[in-house]
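>>> I would like to see how this sequence folds:
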Amino acid sequence: MNEKTTAELEKLRDLIDGVDQQLLHLLHKRLELVAQVGAVKHKAGLPIYAPEREAAMLAKRRSEAEALGIQPQLIEDVLRRLMRESYLNEKDVGFKQVKEDLGKIVIVGGKGLLGQLFAQMFSLSGYDVRILDKDDWHQAQTLFDGAGLVLVTVPIAITCELIRQQLTRLPANCILADLTSIKAEPLSAMLEAHAGPVVGLHPMFGPDVGSFAKQVVVVCHGRQPETYQWLLEQIKIWGARLVEAKAAKHDKAMQLVQAMRHFSTFVYGLNLCREQADMQSLLQFSSPIYRLELAMVGRLFAQSPELYADIIFAQKDSLKAISDYLANYAEALTVLESGDRQEFVRRFQEVAQWFGELAPQFQHESRAMLQSVNDLKSH
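Okay, here's the model as predicted:
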């Protein structure tokens, strides 16, 4: 590279650095404005996530970008990342308290990660939150006295036994709720143990989320739903979307959404381990989609084995779903062993037809994720 080219590049890079600094100042200003929005929402009790406003804003920015000759997806990617940061910042100003005369909230298992997350959210909303963990049962009755909500978040394997043995003497008007990922048995146990209001909740996310914005919480009604409407409203203010479901239907879905998926991921990781796969080579030669798959496998094994054992073993019916998966795998393997390429194509088309319009939709959605994964790769 000659001196003239070097000087020209340095000049252009200096100009780019100047633009980047302007962008930083603009980003800082935008985040300051978002903080003001959060304060207004806090006073008014509005959810931090407004899907209609977000969709309209993104559509307008995409149109404006296109008019400037900028790829619409670029501005959408930038804004979505900014909005994610904004939701985190909005949380810091707190939330409106929906039920001001509730009394105490007691979180059973509140020292666990999910318990800590909900304790934080209730505290940010101004509630009096108390923690009851495994070493605190000697003061349980004192904690329960005057409680308006008792929230159970303990390992699935001990949830029902704990409810039946320890939660039978709650105040009459106290709401009893749980956060387990299965619902039928815990809901039945709560209805049996407590004569007052009961509701089953399943947060469809892990404790490492930075914000409830755009997250889903499943609601399985138990008894006296009118008494816990404030709780559902509070969760919506935090930004989550509520999905109501019958407990049995929820658990049936969880056999596929959780048990079968986690088990197949476990087996895939087990196979990599037993094969002593060279992970560095796999990463070196991986496409973005395979790197994402490896990341999801690795994510599983970075977490608690007891947690995933509980999820997989909790429902006896999940064994059938996993067995059906194994049978379908074995059947597909016979097609491969037979060398019948056309039969493979036929079955592929059968599944594609079953997915219908969701297949191209998922292809579109995954494209942005794969681009992000590729951006994160380092050399």
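>>> buried set for stretch 285-299?
286, 288, 291, 292, 294, 297 (16 or more other Cβ atoms under 10 Å). No exception for glycine: its C-beta is placed from N, CA and C like everyone else's.
>>> Return the distance of that stretch from the chain's centre.
Remark: stretch 285-299 is offset 19 Å from the chain centroid, using Cα atoms, centre = their mean, to the nearest Å.
>>> again with stretch 335-346
For stretch 335-346, the distance to the chain centre is 38 Å (Cα atoms, centre = their mean).
>>> contacting residues around that stretch?
With contact meaning Cβ atoms under 8 Å, 6 or more residues apart in numbering, stretch 335-346 is reached by 332, 347.
>>> Could you do stretch 214-234 as well?
Residues outside stretch 214-234 that contact it (Cβ under 8 Å, 6+ apart): 49, 87, 95, 97-99, 102, 125, 149, 173, 175, 177, 183, 187, 190-191, 196-205, 209, 235, 239-247, 250.
>>> just the strands in the stretch 1-150 of the chain please.
Using DSSP state E, counting those that start in this stretch, the strands of the stretch 1-150 of the chain run over 104-108, 128-132, 147-152.
>>> Who are the packing partners of the second one?
Which is strand 128-132. When contacts are defined as 3 or more Cβ pairs under 8 Å, 6 or more residues apart in numbering; DSSP states H and E, strand 128-132 sits against strand 104-108, helix 113-124, helix 140-144.
>>> thinking again about what came up before, so which of the contacts of stretch 214-234 are in helices?
In helices, defined here by DSSP state H, the members of the contacts of stretch 214-234 are 87, 187, 190, 191, 235, 247, 250.
>>> Any of those residues buried? List them.
Buried among those by 16+ other Cβ under 10 Å: 87, 187, 190, 235, 247, 250.
>>> Could you export these to JSON lines, including columns for pLDDT and distance to residue 137?
Output for these, formatted as JSON lines (pLDDT from 0 to 100; distance: Cβ to Cβ, whole Å):
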{"residue": "87", "pLDDT": "81", "distance to residue 137": "37"}
{"residue": "187", "pLDDT": "97", "distance to residue 137": "23"}
{"residue": "190", "pLDDT": "98", "distance to residue 137": "18"}
{"residue": "235", "pLDDT": "97", "distance to residue 137": "28"}
{"residue": "247", "pLDDT": "95", "distance to residue 137": "27"}
{"residue": "250", "pLDDT": "94", "distance to residue 137": "30"}
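>>> Need the max-distance pair from the residues you listed.
87 and 190 (31.5 Å; Cβ to Cβ).
>>> on that earlier part again, would you mind finding the most buried of the helices and strands packed on strand 128-132?
Comparing these on average neighbours per residue, with mean count of other Cβ atoms under 10 Å, the densest one is strand 104-108 at a mean of 24.
>>> Can you name every helix or strand that it contacts?
Checked by 3+ Cβ pairs under 8 Å, 6+ apart, strand 104-108 has helix 113-124, strand 128-132, helix 140-144, strand 147-152 packed alongside it.
>>> between those, which gets nearest to residue 64?
helix 113-124 (35.0 Å).
>>> ok, residues contacting that closest one?
Contacts for helix 113-124 (Cβ under 8 Å, 6+ apart): 91, 94-95, 105, 107-110, 129, 131, 151, 153, 179, 203, 206-209, 212, 238.
>>> orientation of that helix relative to strand 104-108 in degrees?
Interaxial angle, helix 113-124 versus strand 104-108 (axes from the mean of the first three to the mean of the last three Cα atoms, to 10 degrees): 170 degrees.
>>> Alpha carbons of helix 113-124, as PDB, please.
Coordinates of each C-alpha in helix 113-124 appear next as PDB, following Å, rounded to 0.1, in the frame of the first residue of the first chain:
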ATOM      1  CA  LEU A 113     -32.700 -17.700  40.500                       C
ATOM      2  CA  LEU A 114     -36.300 -17.500  39.300                       C
ATOM      3  CA  GLY A 115     -37.400 -16.600  42.800                       C
ATOM      4  CA  GLN A 116     -34.900 -13.800  43.000                       C
ATOM      5  CA  LEU A 117     -36.100 -12.400  39.600                       C
ATOM      6  CA  PHE A 118     -39.700 -12.200  40.800                       C
ATOM      7  CA  ALA A 119     -38.700 -10.800  44.100                       C
ATOM      8  CA  GLN A 120     -36.800  -8.100  42.200                       C
ATOM      9  CA  MET A 121     -39.800  -7.300  40.000                       C
ATOM     10  CA  PHE A 122     -42.300  -7.100  42.900                       C
ATOM     11  CA  SER A 123     -39.800  -5.000  44.900                       C
ATOM     12  CA  LEU A 124     -39.500  -2.600  41.900                       C
END
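>>> So for it, mean pLDDT?
Averaged over helix 113-124, pLDDT sits at 95.
>>> So what's the gap between that helix and the chain middle?
The answer for helix 113-124 is 15 Å, by Cα atoms, centre = their mean.
>>> and the angle for that helix with strand 128-132?
For helix 113-124 against strand 128-132, the angle by the same axes, to 10 degrees is 160 degrees.
>>> Now do helix 113-124 against strand 147-152, angle only.
Orientation check (the same axes, to 10 degrees): helix 113-124 against strand 147-152 gives 160 degrees.
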